[in-house]
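Asker: fold the following for me, if possible:
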Amino acid sequence: MVQMIALPTDFDRRRAKYAPVSALLREVFGYPEWRPFLPPIDELVDCILSQSTNDRNRDRAFDGLKTVFPTWEAVMQAPTEDVIAAIRPAGLANQKAPRIQGALRRIYEERGALDIGFLAEMPLDDAKAWLMSLEGVGPKTAAIVLCFAFTRPAFPVDTHVHRAGQRIGFLQEGISADRAHPMMERIVPPEDHFAFHLNLIRLGREICQARRPRCEVCPLTEHCDYFQAARL
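Answerer: Numbers count the residues shown, from 1 in each chain. Purely as a prediction, here's the structure:
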């Protein structure tokens, strides 16, 4: 089922920003190759670990799981307190451990194996809905798994994309991150979801930062609503 979203009255203006902004970001950051980052189950677990923490702590927790447990089946069957101990660096381990084990059990019970490869052939909206039916999996996690593990045209919206997307003007000010996902998918062509997502993250981390955007070095000022409004 296609997710219906209410488009802003100036949607065509917002969508028209994509082509020049994408071209400028490619000049600055290059064009990231579309490639999977991790196998699907690994990507799912990694995304759950990444919630409300930074990349360094997520990676420490993920490496901890891989060091302590030889397989995802072992994680699924382990005492929850052992999983909590392994992922403690990620924070919120008491919440994340049951969610990881619950997702693994649900996959095993439903599919007969720890394999979510079927998502590659499922209609995109159905694949998103299936992933979001897992406890602890929201639109961002579902989009990351589909985009990174399956190279499918889902557009993840993290804090950097959410912030930069609003400042540039792709997104209405104050829009929730959940509502931003389908909006960005309407704006960005499917074949560029992966690369444009990664370049917007780099923009948010290196230039369009939360406390003070570095407008003086930003290549997008001509197309940025935030910068244009600040000049008035």
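Asker: C-alpha only now, for contacts and for neighbours.
Answerer: Fine.
Asker: next SSE downstream of the helix or strand where residue 99 lies?
Answerer: Taking DSSP states H and E as the definition, residue 99 sits inside helix 93-111. Next helix or strand after helix 93-111 toward the C-terminus (DSSP H and E): helix 124-132.
Asker: show me which residues of that following helix are buried.
Answerer: 124, 127, 128, 129, 131, 132 (16 or more other CA atoms under 10 Å).
Asker: state the mean pLDDT of the helix holding residue 99.
Answerer: The average pLDDT for helix 93-111 rounds to 97.
Asker: where does pLDDT dip in this structure?
Answerer: Counting by pLDDT under 70, the chain has low-confidence residues at 1-4, 34-36, 232.
Asker: if we can go back for a sec, so the helix holding residue 99 versus helix 124-132, what angle?
Answerer: Relative orientation of helix 93-111 versus helix 124-132 (axes from the mean of the first three to the mean of the last three CA atoms, to 10 degrees): 130 degrees.
Asker: and which of the buried residues of helix 124-132 is nearest to residue 105?
Answerer: residue 131 (13.5 Å; CA to CA).
Asker: and that closest one, how far from residue 116?
Answerer: Separation of residue 131 from residue 116 (CA to CA, to the nearest Å) stands at 10 Å.
Asker: same check, this time on residue 70
Answerer: Residue 70 is 19 Å from residue 116, where distance means CA to CA.
Asker: so for those two, which residue has more residues nearby?
Answerer: Neighbour count, other CA atoms under 10 Å: between residue 70 and residue 116, residue 116 has more, with 16 against 10.
Asker: what helix or strand does the residue positioned nearest the centre of the chain sit in?
Answerer: Centrality entry for the chain: nearest residue to the mean C-alpha point is residue 156, 3.5 Å, by CA atoms, centre = their mean. Assessed by DSSP H and E, residue 156 sits outside every helix and strand.
Asker: list the contacts of it.
Answerer: 139, 140, 141, 143, 144, 147, 181, 197 (CA atoms under 8 Å, 6 or more residues apart in numbering).
Asker: if you set the cut-off to 6 Å instead, what comes out?
Answerer: By CA atoms under 6 Å, 6 or more residues apart in numbering, the contact list for residue 156 reads 140, 143, 144.
Asker: of those, closest to residue 29?
Answerer: Relative to residue 29, the closest of those is residue 144; by CA to CA it sits at 20.5 Å.
Asker: so which helix or strand takes in the closest one?
Answerer: Using DSSP H and E, residue 144 falls in helix 139-144.
Asker: give me the contacts around that helix.
Answerer: Outside helix 139-144, the residues that touch it by CA under 6 Å, 6+ apart are 47, 128, 131, 154, 155, 156, 157.
Asker: now the two most distant members of these.
Answerer: 131 and 157 (16.0 Å).
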